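J.: I'd like to go over a predicted model; first the sequence, then the structure.
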Amino acid sequence: MPYATTNPYTGEVVRTFDDATPEQIDAAIERADATFQEWRNTSPEERAAVLREAARLLRADKRRYAEILTLEMGKLIAEAEAEVELSAKILEYYVDKGAELLKPRYLPAEGFGSQDVQLVNQPLGVLFAVEPWNFPYYQVIRITAPQVTAGNTVLLKHASNVPQSALAMESLFREAGAPEGLLTNLFVPHSATERIIGDPRVRGVALTGSERAGAAIAALAAENLKKSTLELGGADAFIVLDDADVQKAADWAVFGRHWNAGQVCVSSKRLIVDDAVYDDFLARYREGVEALKAGDPLDPSTTLAPLSSQKAADDLAAQVVRAREEGVTVEAIGSPVPEQGAFYVPTLLTDIPEDGETFVTEFFGPVTQLYRATDEADAIRIANASPFGLGGSVFTNDPERGQRVSRALETGMVYINQPTGVKADIPFGGVKHSGYGHELIDLGITEFVNQKAVVVSDIDGSF
């Protein structure tokens, strides 16, 4: 697929970009490796200075950066500005915490003094980052901020429909004072992935994307004996227990399912509601969804964005057709959407057979799966029956109950009385088919470092 900016609201192809040649790919890897050899020896203060300036530049030109997101993948302008701010906060987190997170750790080993055994964090080298279109800045910053703080350099293969977002991130770091090669964007086809991962100068791979892409990347990384991290999406359970504040839960469900037009790995895709409050919740949820307004994503009054492309809308429609064919009740519950643009009307799926395809499918758009649970145990069972395990949420007025249910869920993240969130200072990652590895905080910064044991023994050489 060629790299192109196509406005999802108008359908206009704004700009296209040529794929990188093999020679350009090799030159980019060589440059990234040469930069790594120097960058690895810079001080934490020098690295932090680049991140601090990048955060300042994002905030100083927030509207321009946000409009690129809206142009390329249709994100509501308010959500786009929020993504710019989130990206700045992640940069600032590592400005403030990076040096401390990378300090050596001393180990109390038998027969050694208190500072004789230490773990030192050393960067691995050039990393290959394969990123998706739904959060074109956040996804790049989420991997780049911790890894350049650790001393690594990054080669970026972004999604083919957000090329200008990719270029904006590359330019951001250069304007912030980063050396050429610290973050390098490459417009490469999928066929070039093996070439990049196979290069011995590339030492690790981070991917956010589909299960299929993740399996392919993980196989290539394993074949080349390289570390990989995968974030592969999810079908987050949104559990409403019988003692929950039903109005609060319904309001959060409307937001959790429809922000970014429902194109979020941690969207509240599966609403699992206790039978005691099911009917009340559904009435309130319908009311909230029907109030959403689809339209121009640059218009502040718009609350439902188009999908990222017409293909995304068509693929979602095909999934819904398959759901209906296997007996699922399909109901449009939102107001009509404009004919112009890659819109999809909010849709409710009920009566979902647990042995069918729909039950294990991720719907990446404004399509809600709704389940009636008989009780708390049944809600947990339904939640854990999914092959995915990224995030989830539990609504209850009993904090201890919320903690208990959260611990029973097979996910990487759980939020109580809020949909799964995205924060600069909370780690991100999942289990099962949602992938492995973490990003952000100390977990993210140590994914691609060599935690080397350095042991000082008695200098007289005695045993």
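T.: Now that the structure is in, tell me what you want to look at. Residues are numbered from 1 along each chain as shown.
J.: hey, where'd the strands end up in the stretch 201-350 of the chain?
T.: 202-208, 227-231, 237-240, 270-274, 329-332, 347-350 (DSSP state E, counting those that start in this stretch).
J.: TSV for those, including distance to residue 153 and mean neighbour count?
T.: For every residue, glycine as well, the C-beta is placed using N, CA and C. Listed next are the strands of the stretch 201-350 of the chain as TSV, based on distance: least, Cβ to Cβ, whole Å; neighbours: other Cβ atoms under 10 Å:
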stretch	distance to residue 153	mean neighbour count
strand 202-208	10	24
strand 227-231	15	24
strand 237-240	38	30
strand 270-274	39	25
strand 329-332	48	14
strand 347-350	44	20
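J.: got those as CSV, with mean pLDDT and distance to residue 380 columns?
T.: Shown next, in CSV, are the strands of the stretch 201-350 of the chain (pLDDT from 0 to 100; distance: least, Cβ to Cβ, whole Å):
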stretch, mean pLDDT, distance to residue 380
strand 202-208, 98, 27
strand 227-231, 98, 24
strand 237-240, 98, 8
strand 270-274, 98, 9
strand 329-332, 98, 24
strand 347-350, 98, 20
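J.: in JSON lines: these, plus distance to residue 110.
T.: As requested, the strands of the stretch 201-350 of the chain are exported to JSON lines (distance: least, Cβ to Cβ, whole Å):
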{"stretch": "strand 202-208", "distance to residue 110": "33"}
{"stretch": "strand 227-231", "distance to residue 110": "30"}
{"stretch": "strand 237-240", "distance to residue 110": "45"}
{"stretch": "strand 270-274", "distance to residue 110": "50"}
{"stretch": "strand 329-332", "distance to residue 110": "64"}
{"stretch": "strand 347-350", "distance to residue 110": "59"}
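J.: and residue 181, that's in a strand?
T.: No - counting by DSSP: H, G, I helix; E, B strand; the rest coil, one finds residue 181 to be coil, located in no strand.
J.: got a list of contacts for stretch 319-336?
T.: 286, 289-290, 292-294, 304, 345-353, 356-358, 361, 363, 366-368 (Cβ atoms under 8 Å, 6 or more residues apart in numbering).
J.: how about 6 Å then?
T.: 286, 289-290, 292, 345-352, 356, 358, 363 (Cβ atoms under 6 Å, 6 or more residues apart in numbering).
J.: also stretch 137-148?
T.: Contacts for stretch 137-148 (Cβ under 6 Å, 6+ apart): 83, 86-87, 90-91, 94, 127, 129, 131, 154, 169, 182-183, 206, 208, 439, 444-445, 448.
J.: just the buried ones from the contacts of stretch 319-336, in PyMOL syntax?
T.: Selection of buried members from the contacts of stretch 319-336 for PyMOL, criterion 16 or more other Cβ atoms under 10 Å:
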select buried, resi 286+289+292+345+346+347+348+349+352+358+363
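J.: helices - which of the contacts of stretch 319-336 land there?
T.: Judged by DSSP state H, the contacts of stretch 319-336 include 286, 289-290 as members of helices.
J.: want to throw those into a markdown table with distance to residue 237 and pLDDT?
T.: Listed next are the ones in helices among the contacts of stretch 319-336 as a markdown table, based on distance: Cβ to Cβ, whole Å; pLDDT from 0 to 100:
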| residue | distance to residue 237 | pLDDT |
| --- | --- | --- |
| 286 | 20 | 98 |
| 289 | 19 | 98 |
| 290 | 24 | 97 |
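J.: dump these to a markdown table, plus distance to residue 177.
T.: Below are the ones in helices among the contacts of stretch 319-336 laid out as a markdown table (distance: Cβ to Cβ, whole Å):
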| residue | distance to residue 177 |
| --- | --- |
| 286 | 52 |
| 289 | 46 |
| 290 | 50 |
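J.: which SSE is immediately downstream of the lengthiest helix in the chain?
T.: Scanning the chain for the longest helix, with DSSP H as the assignment, gives helix 77-101. Downstream of helix 77-101, the first helix or strand assigned by DSSP states H and E is strand 105-106.
J.: give me the mean pLDDT for that following strand.
T.: Regarding strand 105-106, the rounded mean pLDDT is 95.
J.: which parts of the following helix or strand past that strand are buried?
T.: Once strand 105-106 ends, the next helix or strand along the chain (criterion: DSSP H and E) is strand 117-123. Residues of strand 117-123 classed as buried by neighbour count (16+ other Cβ under 10 Å): 117-118, 121, 123.
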